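>>> Got a predicted structure plus its sequence, pasted below:
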Protein chains: 4
Amino acid sequence: MSSTVAVPPAGATPAAAPLQPRDPEWRARVERSFGLQGAMRTIGARIVLLEPGLCELALPYAEAVAQQQGFFHGGIIGTLGDSAGGYAGYSMMSADSEVLTTEYKLNLLSPAVGQWLVARGEVVKPGRTLTVTRVDVFVAEAPQEAPRKLCATLLQTLIRVDKPAGM
Amino acid sequence: MSSTVAVPPAGATPAAAPLQPRDPEWRARVERSFGLQGAMRTIGARIVLLEPGLCELALPYAEAVAQQQGFFHGGIIGTLGDSAGGYAGYSMMSADSEVLTTEYKLNLLSPAVGQWLVARGEVVKPGRTLTVTRVDVFVAEAPQEAPRKLCATLLQTLIRVDKPAGM
Amino acid sequence: MSSTVAVPPAGATPAAAPLQPRDPEWRARVERSFGLQGAMRTIGARIVLLEPGLCELALPYAEAVAQQQGFFHGGIIGTLGDSAGGYAGYSMMSADSEVLTTEYKLNLLSPAVGQWLVARGEVVKPGRTLTVTRVDVFVAEAPQEAPRKLCATLLQTLIRVDKPAGM
Amino acid sequence: MSSTVAVPPAGATPAAAPLQPRDPEWRARVERSFGLQGAMRTIGARIVLLEPGLCELALPYAEAVAQQQGFFHGGIIGTLGDSAGGYAGYSMMSADSEVLTTEYKLNLLSPAVGQWLVARGEVVKPGRTLTVTRVDVFVAEAPQEAPRKLCATLLQTLIRVDKPAGM
């Protein structure tokens, strides 16, 4: 054992090379699906960054998304994170795909106190049936280009299903 | 190996004997905390059952809590489940306690299609610092006394912290 | 809200009616697969109960499966639990199936101190592609028919894949 | 929404600045504890890299750690990952500390086929009571300085407890 070997990069962070989407219309497809999520409107969430295999969502603080001490509610953090991971994964799926979450695990790391909640979802492992994503959730004073404080992290599994006919 | 031995009861289901709360005012304390959760009002959740170590919450279907296909959103399922488990655990804590979720894991088992979403949280292991709960989430035509279809299950860890002075 | 309504049974516990296996040779298939797991022999695990959708595995205490304080190692608890859930699920699959774990979540509830470690896996939701199981892990003085103390619980997702030709 | 903003770095990856251990004897303390884990000897695991907040463990392939198809067993992957995360966290704790895992979540991403299994654990959030770690698990032809293929990832919570007197 030696501590002098070079530290290899962690493998589960996103690849340096950008992921190649299969569907050239991936962006419009993701934005359309996001627009259909009533829950995203309810909590005030918006897309702030969208790349193949990567999706950032943000929502401004309001009492309507708080828990009993006035922090962002853990379930709301999970809701934003679930959608950020879901759309990161959905961006890499084929045009005839619908996406469903099969499971996620959320660790709340510090009290979520701030003006904005930002969830950054990234694909760890794309797959034909199952896709695994990782989502980091931050509090920040602005949705973009601001210092961020990590408050939660998720590990999520998505399943691709065929889009119902006519949708 | 033999398949003829009696099947012992699963141990992680709640004990037959009711749990004994430490705080005689546990019910009022839980209801007060629930009333302070803006996120619960936002999604329309209410308490339908409250016993020591047990809490059921329900919310009616609305587009405002739906995902892109019109099912209950996975994040909303997690939000309701997180609070149901949290208040199941909080009911067993001492009067000077505040409760925070440290983590939860949500498995979505079937499309959450129905008039009501009902989350039933139960304490699996109460503890001085950490409490573990299990939450089953159902869809049903009514919040109580109706057939229920299991649509999700959570496993959750809570941490007890001292209540801030003056609260 | 009322606390006087009857408490409905938790839905995610196994159904009262026994599950119907699709493969009449399910027992032999499970036992054969178990016999092929080198890791089960390494840790000394054996099958103690096998029913459709239900599998109990047990292993005797040894320093070889301990952590630094002499308790059963958390990873060994996960290993036994992973296999118990996996074979509970595999018992319900068709004859041409192979089973893989896609993910599991383990909560360690109390120090695992005892002569035997017993993992009881049960199918929560069988499915064509994905199966979700729940596993409770106990310490006991004997592998069967003894009082058991819950020490851990898992929530697991399995995926069915086609058995490779010739196996 | 715009896709042209600079992509901020993911927050949950380890900080660029090295973590500062509280215990100058952290390395000896970690190595001593690792040496006491019978389960690590049983599976053939060794430490290959140890820095404050970072621990890599590796084990060579053997049938003794395989599942029914000859891949590394998912439970063994969890066992190695649990210890890698545990010692990453333990390295940051004070001299009078003992560490226990409270929970972990393991996602298996691809069949674990290779000569070596390498688990790299990193502290995401150190804390006085709870520490959260992330562990990536790889297969490789050699334990160090070789290309690695990600096969699994864990998210783990550790709890610090006082070391029993006399240990």
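Okay, I see it. Numbers count the residues shown, from 1 in each chain, chains lettered A, B, ... in the order given.

>>> need the contact list for A:Gly53.
With contacts defined as Cβ atoms under 8 Å, 6 or more residues apart in numbering or on different chains, A:Gly53 is in contact with A:Pro14, A:Pro18, A:Leu19, A:Pro21, A:Ala88, A:Gly89, A:Ser91, A:Met92, A:Glu122, A:Val123, A:Pro126. Every residue, glycine included, has its C-beta placed from N, CA and C.

>>> which residue ranges form the helices in chain A?
For chain A, the helices defined by DSSP state H occupy A:26-35, A:38-43, A:74-90.

>>> Out of these, flag the one nearest B:Ser83.
Ranking the helices of chain A by their distance to B:Ser83 (criterion: Cβ to Cβ) puts helix A:74-90 first, at 6.5 Å.

>>> and that closest one, what's its mean pLDDT?
Throughout helix A:74-90, pLDDT has a mean value of 97.

>>> what's the angle between it and helix B:74-90?
150 degrees (axes from the mean of the first three to the mean of the last three Cα atoms, to 10 degrees).

>>> follow-up on the earlier one: from the contacts of A:Gly53, which is closest to A:Asp136?
Closest approach to A:Asp136 among the contacts of A:Gly53 (Cβ to Cβ): A:Glu122, at 8.2 Å.

>>> Deepest-packed of the helices of chain A, please.
Mean neighbours per residue, mean count of other Cβ atoms under 10 Å in any protein chain shown, is largest over the helices of chain A for helix A:74-90, with a mean of 30.

>>> what angle do it and helix A:26-35 make?
For helix A:74-90 against helix A:26-35, the angle between stretch directions is 150 degrees (the same axes, to 10 degrees).

>>> Out of the helices of chain A, which gets nearest to chain B?
With Cβ to the nearest Cβ, the closest approach to chain B among the helices of chain A belongs to helix A:74-90: 2.5 Å.

>>> and the closest one, is it in reach of chain B?
Yes: using Cβ under 8 Å from any Cβ of the partner chain, helix A:74-90 reaches chain B at A:Gly74, A:Gly75, A:Ile76, A:Gly78, A:Thr79, A:Leu80, A:Gly81, A:Asp82, A:Ser83.

>>> The fourth one against A:Thr153, yeah?
To tie it back to what came earlier, the one meant is A:Gly78. No: the pair A:Gly78 and A:Thr153 fails to qualify as a contact (Cβ atoms under 8 Å) at a distance of 11.1 Å.

>>> Mutual contacts of these two, please.
In terms of Cβ under 8 Å, 6+ apart, A:Gly78 and A:Thr153 are both contacted by the residues A:Leu106.

>>> need the helices of chain A in TSV with distance to D:Leu49, can you?
Formatted as TSV, the entries for the helices of chain A read as follows, by distance: least, Cβ to Cβ, whole Å:
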stretch	distance to D:Leu49
helix A:26-35	38
helix A:38-43	42
helix A:74-90	29
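
>>> what's the closest of the ones you listed to chain C?
Smallest distance to chain C across those (Cβ to the nearest Cβ): 13.8 Å, for helix A:74-90.

>>> Export the closest one to PDB, keeping only CA atoms.
As requested, the backbone C-alpha atoms of helix A:74-90 are provided in PDB (Å, rounded to 0.1, in the frame of the first residue of the first chain):
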ATOM      1  CA  GLY A  74     -37.000  17.100   1.800                       C
ATOM      2  CA  GLY A  75     -39.700  15.800  -0.400                       C
ATOM      3  CA  ILE A  76     -39.500  18.900  -2.600                       C
ATOM      4  CA  ILE A  77     -35.800  18.400  -2.800                       C
ATOM      5  CA  GLY A  78     -36.500  14.900  -3.900                       C
ATOM      6  CA  THR A  79     -39.100  16.000  -6.400                       C
ATOM      7  CA  LEU A  80     -36.800  18.500  -8.100                       C
ATOM      8  CA  GLY A  81     -33.900  16.000  -8.000                       C
ATOM      9  CA  ASP A  82     -36.100  13.200  -9.400                       C
ATOM     10  CA  SER A  83     -37.100  15.400 -12.400                       C
ATOM     11  CA  ALA A  84     -33.500  16.600 -13.000                       C
ATOM     12  CA  GLY A  85     -32.200  13.000 -13.100                       C
ATOM     13  CA  GLY A  86     -35.200  11.900 -15.100                       C
ATOM     14  CA  TYR A  87     -34.600  14.500 -17.900                       C
ATOM     15  CA  ALA A  88     -30.900  14.000 -17.900                       C
ATOM     16  CA  GLY A  89     -31.700  10.300 -18.700                       C
ATOM     17  CA  TYR A  90     -34.600  11.100 -21.000                       C
END
